[in-house]
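>>> okay, here's the prediction I keep looking at, along with the sequence it came from:
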Amino acid sequence: MAVEVVYRSSRDLERLFMDKAEADRHDKMLELAELLTDVLHKAVPSLSEQQGEELGIYMARHREVFAKAFKNQPDALGELSTTAAE
């Protein structure tokens, strides 16, 4: 019988990972998404809970693109248009 080591995200208990670093990255992304969701709700109180969560997760998943855009490279957001189209 073989033994397989899997890692579980502490913020997403249903996801399992074969690599600890990947599980850690996923946890950090979810932590950022949670913080972004809080900020978005404060900025736009009319956002539903689900919309805020979806936006927070989307922004956290694409944080590198948003970081470039915020550093005077707004054209970087074009990368998201091609990603969404696929």
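Good, I have the coordinates. Numbering: from 1, shown residues only.

>>> now the helix or strand containing residue 54: average pLDDT?
In the assignment (DSSP states H and E), residue 54 maps to helix 49-61. On average, the pLDDT along helix 49-61 is 94.

>>> ok now that helix, how far from the chain's centre?
Its chain's C-alpha centre and that of helix 49-61 lie 7 Å apart, by Cα atoms, centre = their mean, to the nearest Å.

>>> who does it touch, helix- and strand-wise?
Counting contacts by 3 or more Cβ pairs under 8 Å, 6 or more residues apart in numbering; DSSP states H and E, helix 49-61 packs against helix 20-43. Where C-beta positions appear, they are placed from N, C-alpha and C, glycine not excepted.

>>> tell me the angle the next helix or strand after the helix holding residue 54 makes with helix 49-61.
Next along the chain after helix 49-61, taking DSSP H and E as the criterion, comes helix 63-70. Angle, helix 63-70 to helix 49-61, by axes from the mean of the first three to the mean of the last three Cα atoms, to 10 degrees: 80 degrees.

>>> what does helix 63-70 rub up against?
Identification of contacts with helix 63-70 by Cβ atoms under 8 Å, 6 or more residues apart in numbering yields 29, 32, 59, 76, 77, 79, 80.
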